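Asker: Okay, structure incoming, though there's no sequence with it:
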């Protein structure tokens, strides 16, 4: 299943609209201290695509759902960060939240369509309900920002 997850990650990272999010989130060393501090204040469990890539290549994921959880976490963290009151005034923020939504939707579609390739048919019938469809993971950390009725930032 790992080669299939690598393909999914590659497709996500090569998404034609994804570049602004990959280069700007999370705030890196070159960003202002206040942006990095805001990210630290808003996001309890940090995750980024570089870490996902390293963990995937290092065979650190126990199952596809662990990989899915981390991708979902990055995109959800981006939504929390860019929809914060401090950044709502920035014109790029709304676009970043929408971009995270598009990437999440496209990833979930790709991930769900890949399901037959992850397991043998016997394993798929036994495990598919716990992995698919690609719903947000059940054990995500609570974010410090108030979340709306669907679990996303207001």
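Answerer: Here it is on my side, so go on. On a predicted model such as this, the values are computed, not experimentally measured, just so you know.
Asker: Show me what the helix of greatest length in the chain is packed against.
Answerer: If each helix of the chain is counted by residues according to DSSP state H, the longest one is helix 91-118. Here helix 91-118 touches helix 2-13, helix 19-24, helix 64-82, helix 121-131, going by 3 or more C-beta pairs under 8 Å, 6 or more residues apart in numbering; DSSP states H and E. (Glycine included, C-beta is placed from N, CA and C.)
Asker: again, 6 Å this time
Answerer: Secondary structure elements in contact with helix 91-118, counted by 3 or more C-beta pairs under 6 Å, 6 or more residues apart in numbering; DSSP states H and E, are helix 2-13, helix 64-82.
Asker: now the ones you listed as JSON lines including distance to residue 43?
Answerer: Below are the helices and strands packed on helix 91-118 laid out as JSON lines (distance: least, C-beta to C-beta, whole Å):
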{"stretch": "helix 2-13", "distance to residue 43": "19"}
{"stretch": "helix 64-82", "distance to residue 43": "5"}
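Asker: would a markdown table of the ones you listed with mean neighbour count be doable?
Answerer: Shown next, in a markdown table, are these (neighbours: other C-beta atoms under 10 Å):
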| stretch | mean neighbour count |
| --- | --- |
| helix 2-13 | 16 |
| helix 64-82 | 22 |
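Asker: With respect to residue 57, which of those helices lies nearest?
Answerer: helix 2-13 (7.7 Å; C-beta to C-beta).
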